[in-house]
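Student: Sequence first, then the predicted structure, then my questions.
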Amino acid sequence: MPRREDLAESRWIKPFGQRVLHSEFWRFTRRSVPRGVAVGLLVGIFLMIPGLQIVGAALMCVPVRGNIPLAALMTFLSNPLTTPFFLIAAIFVGNALGFHADTGTFWALYESRAGVGAWVRWLLSDAAPSLITGLFIIATASALIGYLLSIGIWRWWQVRKWQRRARRFMPEI
């Protein structure tokens, strides 16, 4: 999990200076938490490049005022174990919308541990529109679900905290 200082030294974030390091993006508030979760899921699922996911999520948190640590954490949902499943689901969603991508070729490339060139040739065929459209839809739906779920969890947590506090200060009747 990156710290403020780690992000300050990143060559991608350094041009944005102190804006990303502002405390507003690092506090857990009822508004910043759902925004951070949504941004992290959106960027983490749509942008499948591991090094750029955290940086992209941190930069996208600035205009929406989301929580950067949570956004960075949520990008880890797409990891080497889950990536093939996200890609296959994206292809199925894209194919359902009328695009065409061959899932058999995808699995053959995956199982044979094909090089970057073979993957690029497959993407430059007619697979790219299906994959990109599917990833966008899955990422957007995941971000919306994560946003709503985190609002619910935040409210549940706060109610529980207030109830404990009330029990502590209320005398027994």
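Tutor: Cool, got the structure.

Student: Just give me the residue closest to the centre of the chain.
Tutor: Most central in the chain under CA atoms, centre = their mean is Leu41, positioned 2.2 Å from the mean C-alpha point.

Student: how near is it to Arg30?
Tutor: Counting by CB to CB, to the nearest Å, the gap from Leu41 to Arg30 is 18 Å. (Glycine included, C-beta is placed from N, CA and C.)

Student: rewinding a little: elements contacting the host helix or strand of the residue nearest to the centre of the chain?
Tutor: Leu41 is part of helix 32-46 when elements are defined by DSSP states H and E. Helices and strands touching helix 32-46, as assessed by 3 or more CB pairs under 8 Å, 6 or more residues apart in numbering; DSSP states H and E, comprise helix 50-64, helix 68-74, helix 128-169.

Student: rerun at 10 Å
Tutor: Judged by 3 or more CB pairs under 10 Å, 6 or more residues apart in numbering; DSSP states H and E, the packing partners of helix 32-46 are helix 50-64, helix 68-74, helix 83-96, helix 128-169.

Student: helices or strands next to the shortest one in the packing?
Tutor: This means helix 68-74. Under the contact definition 3+ CB pairs under 10 Å, 6+ apart, helix 68-74 sits against helix 4-9, helix 32-46, helix 50-64, helix 128-169.

Student: now Ala114, what's its secondary structure?
Tutor: When states are read from DSSP: H, G, I helix; E, B strand; the rest coil, the local structure at Ala114 comes out as coil.

Student: Run a quick neighbour tally on it.
Tutor: Ala114 is flanked by 16 other residues according to other CB atoms under 10 Å.

Student: for Leu148, what are its contacts?
Tutor: Under the criterion of CB atoms under 10 Å, 6 or more residues apart in numbering, the neighbours of Leu148 are 34, 37-38.

Student: Tell me how many other residues crowd Val64.
Tutor: Val64 is surrounded by 13 other residues when neighbours are defined as other CB under 10 Å.

Student: For Thr140, see how far away the residue nearest to the centre of the chain is.
Tutor: Spatial separation of Leu41 from Thr140 under the definition CB to CB is 9 Å.

Student: Ser150 now?
Tutor: Relative to Thr140, Ser150 is positioned 16 Å away (criterion: CB to CB).

Student: Next: His22.
Tutor: Relative to Thr140, His22 is positioned 27 Å away (CB to CB).
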